[in-house]
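Enquirer: what follows is a predicted structure for the sequence shown.
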Amino acid sequence: MDLTAALLDPAAYPEPTRKVALIQTHISWVFITDDFAYKVKKPVDLGFLNFTTLRRRHHYLQEELSLNRRLCPEIYLEVLPVTASRGRVRLGGPGQTVDYALKMRRLPQERMMDEVADRGELRREHLDGIIARLVPFYAQAATGPRINKYGEPAIIAYNHEENFSRTEALAGEMFPRELFEEVRDFARSFLSRHRALFLRRIREGRIRDCHGDLHMKNICLADHIYIFDCIEFNHRFRYGDVAADIDFLAMDLDFHGFQDLGRYFVDRFAAASRDPELLQVLDFYKCYRAYVRGKIHAFTAQDPTQPMAARDQARETARAYFALAGEYAEAGEQWAA
């Protein structure tokens, strides 16, 4: 059964819709109807996530529903079975369950933060609103010994080394070998030299159950500020220093040419959360986030299920993110010298 083809049929949905559009990532299919979005996870195993069984996909969709309701309770609605009966596929209908879908209320695409920024309409007031949502979110987010261990230098180093091991083969083709070595050496030396800083941030309660994927495409500036699509599939990518979350959005602003707004965002958040030391790990975590984004786009560029034009675009985007990671590594070395 071609599930994606079946779910492009408007008759498969519980509410009337005139059309269905498909958006793909390297780990999900998202089907867009007139009023809702339905996410189905791809049966992939990328090492850091494993959606290869129906049970796993169901579990992680339930996790996604629960975790995203922390910031968007009105958007994340329910997990529905995808059923097949007499050759017909439906969401929430009778028959054998062949997969699951997360139902979300559709947000206005033109109000996504990246599109607002691309139109030149992004203002400091938007960032103030995001800060007003995030400061209490982090203050209330879970913490404690189980989560604090993810702020330990050894775990942070493991996350970096995993990235380097999965991307080293790309060095020389996707980006220069010299850049790979510069970023790798910076990450290792910064962690070694500033071990006391990372341990102090644990003691100060800066390690939280965060969002994990805080970039402009996951923020909607509509009637309210909606921050959605957090990481649900791996605790290592969501548990961590609040600075790592904040610096992700700062990096994304830099990437899109809004360096002044990025710095404003970080400075204002550090003040509002009473965390001036956040600025000391700014380049370190922005480097990490840029490198991760480069890795993700590199995976898309190598995905044979993606159209060739999408793969070519992903390759160029990956190279740009890797180059930005190199700039942060250079800046971070100068700061630490």
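Expert: Noted; the coordinates are in hand. Residues are numbered from 1 along each chain as shown.
Enquirer: measure V82 to R56 for me?
Expert: 15 Å (CB to CB, to the nearest Å). Yep, even glycine has a C-beta here, placed from its N, CA and C like the rest.
Enquirer: now the residue lying farthest from the centre of the chain. Its backbone dihedrals?
Expert: Distance from the C-alpha centroid of the chain peaks at R86, with 38.2 Å (CA atoms, centre = their mean). Main-chain dihedrals, R86, degrees, to the nearest 10: phi 60, psi 40.
Enquirer: not counting its neighbours along the chain, what's nearest it?
Expert: What sits nearest to R86 in space, not counting adjacent residues and going by CB to CB, 6 or more residues apart in numbering, is G95, at 7.6 Å.
Enquirer: just A157 next, same as before
Expert: Nearest non-adjacent residue to A157 (CB to CB, 6+ apart): L191, at 5.4 Å.
Enquirer: and that neighbour, backbone torsions?
Expert: Per degrees, to the nearest 10, the backbone of L191 is at phi -60, psi -40.
Enquirer: I'd like to know how many residues surround it.
Expert: The number of residues packed near L191 is 17, by other CB atoms under 10 Å.
Enquirer: do the same with E162
Expert: Count around E162 with other CB under 10 Å applied: 14.
Enquirer: same check, this time on D114
Expert: Residues lying near D114 (other CB under 10 Å) number 15.
Enquirer: with the one 4 residues further on instead?
Expert: Other residues near D118 come to 13 when the count uses other CB under 10 Å.
Enquirer: again with the one 4 residues further on
Expert: By other CB under 10 Å, the residues close to L122 number 20.
Enquirer: how about the contacts made by it?
Expert: Counting by CB atoms under 8 Å, 6 or more residues apart in numbering, L122 touches 113, 116, 258, 261.
Enquirer: 10 Å - rerun?
Expert: Residues near L122 by CB atoms under 10 Å, 6 or more residues apart in numbering: 113-116, 216, 221, 253, 256, 258, 261.
Enquirer: confirm it sits in a strand?
Expert: No. Assessed by DSSP: H, G, I helix; E, B strand; the rest coil, L122 does not belong to a strand; its assignment is coil.
Enquirer: distance check, it against H211.
Expert: For L122, the distance to H211 - CB to CB - is 19 Å.
Enquirer: same check, this time on S165
Expert: Relative to H211, and taking CB to CB, S165 is found at 25 Å.
Enquirer: so between these two, which is more surrounded?
Expert: H211 (29 against 10).
Enquirer: quick check on that one: phi, psi?
Expert: Per-residue torsions, H211: phi -90, psi -50 (degrees, to the nearest 10).
Enquirer: contacts only, for it.
Expert: Counting by CB under 10 Å, 6+ apart, H211 has contacts 67-68, 70-71, 134, 137-138, 141, 218-219, 227-231, 238, 242, 244-246, 248-249.
Enquirer: looking at the residues you listed, which are in strands?
Expert: Among those, DSSP state E puts 219, 227 in strands.
Enquirer: re earlier: looking at V82 and R56, which is more packed in?
Expert: Taking other CB under 10 Å, V82 and R56 do not tie; V82 has more neighbours (23 against 16).
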